[in-house]
Structures are given as C-alpha cells and as structure tokens.
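Novice: could you work out the structure for the sequence below:
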Amino acid sequence: MRVLGVDPGLTRCGFGVVEGRAGKPLVHLHHAVERTPADLEVARRLALISSAVLHQIEIYRPDCIAVERVFSQHNTRTVMGVAQAAGVALLHAAQAGIPVALYTPSEVKAAVTGSGRADKAQVQLMVTRVLRLPAPPKPADAADALAIATCHIWRGAAVGRYQAALAAAGAKAVRR
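Specialist: Below you'll find the model as predicted:
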C-alpha cells in the first residue's frame, strides 16, 4: 500500500509518501513541504497548495491519502488555515477517486511513538528510525506527514477489519 500523508497548513503543508504494510518494514519514497508566503492572499496560497497536492498525486499515485484531522486550537486563524488546506487535499483525493483517512494528532503520535502526547522531536526521531532515514526529515511538517502515512499503514488494516466486521454483523442482524 502506498500512502500519501498530508500535514495540512496554510503557511507550510507537509507531504510524505510511504509504502508498505503492517508488520513489514516501511519504505520512505518522498517527503516535501509546500510553503506559501504570508503576504499572499488566501485564495492564491490555496492555489499553490492545490498544485502541490496534485503534483504529489500525479507523481506518486497513492492508494490512500491520510490527512491530519483539524482539531480545536486557541488560535482560530490557524485553525481556519489548516482546515482550508485540509479541504484542498480532501477535494483532490475525492476527484481522483482515492480513499481518504483522517487521524487526529494524538492518534498519529500514539501510533508512531507509543504516546499521544509525544512532542515534535520524538515524532521526528521515531519517523527517522521506522523509515531508516539517515537524518530526521525537516522541517517538522514533513516528519509529521510521514508519521501520518505510517500511522495509516499500521492502523488502516485494523480499522478496515473492524469496519468489515461491523458491516458483517450488521448484515447478520438485518437477516434475522
């Protein structure tokens, strides 16, 4: 499975492409960060992010796109930018017919480090080790995107089996 992880942000949007499956070593394929100038109008910044998302999809042809779920913060301006950038990624995934998975930051941190309260340095360290990289991916947005993709590969199979079991149980209940 090839997963494009997206750490959405209006100022910096991280991308990470990881390939593999649960229980097997993962392969790092790519990471990048799209930066947009703060003095550019929001619509043009989103257009830059849109081009970057399309580029990642066209080049790496992911089986799934995993995006960090927007969570409540004290700074509503930051939340809006993150939500807008996430919306761009979700739109392009839907238009390309690629399944999408959303994960909260604590889910990603717990999957990669074992603690939902891990800091950015711990996430970078574990991403470096798990993907056998020679150095931590920088900036942190790229490491976060790789962590999101890794989280999906590790958790996605279990979530899929759980949803299949629920669907099967629901189908049995309907037949009775």
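
Novice: all contacts plus neighbour counts: C-alpha atoms, from now on.
Specialist: Fine.

Novice: so where's the chain shaky on pLDDT?
Specialist: Along the chain, the parts satisfying pLDDT under 70 run over 73, 160, 174-176.

Novice: now the helices: where do they sit in it?
Specialist: 42-60, 76-96, 105-113, 120-130, 140-175 (DSSP state H).

Novice: list the buried residues of the third one.
Specialist: Of the residues in helix 105-113, those scored as buried under the neighbour-count criterion (16 or more other CA atoms under 10 Å) are 105, 107, 108, 109, 110, 111, 112, 113.

Novice: ok, these vs residue 89, which is closest?
Specialist: Nearest to residue 89, judged by CA to CA, of the buried residues of helix 105-113 is residue 105 at 16.8 Å.

Novice: now the closest one. Nearest residue, chain neighbours left out?
Specialist: In space, and not counting its chain neighbours, residue 105 is closest to residue 68: 6.5 Å by CA to CA, 6 or more residues apart in numbering.

Novice: show the contacting residues for that neighbour.
Specialist: Going by CA atoms under 8 Å, 6 or more residues apart in numbering, residue 68 touches 6, 7, 8, 86, 102, 103, 104, 105, 148.

Novice: put the buried members of the residues you listed into a PyMOL selection.
Specialist: Buried residues within these, by 16+ other CA under 10 Å, are selected in PyMOL with:
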select buried, resi 6+7+8+86+102+103+105+148
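
Novice: dump the contacts of residue 68 to a markdown table, plus distance to residue 18.
Specialist: Output for the contacts of residue 68, formatted as a markdown table (distance: CA to CA, whole Å):
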| residue | distance to residue 18 |
| --- | --- |
| 6 | 11 |
| 7 | 14 |
| 8 | 17 |
| 86 | 19 |
| 102 | 16 |
| 103 | 16 |
| 104 | 19 |
| 105 | 18 |
| 148 | 10 |
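
Novice: pull the most distant pair out of the buried residues of helix 105-113.
Specialist: Spatial extent of the buried residues of helix 105-113 (CA to CA) is set by the pair 105 and 113 at 11.8 Å.

Novice: need the winner for burial among the helices of the chain.
Specialist: Most buried of these, by mean neighbour count (mean count of other CA atoms under 10 Å): helix 105-113, with a mean of 20.
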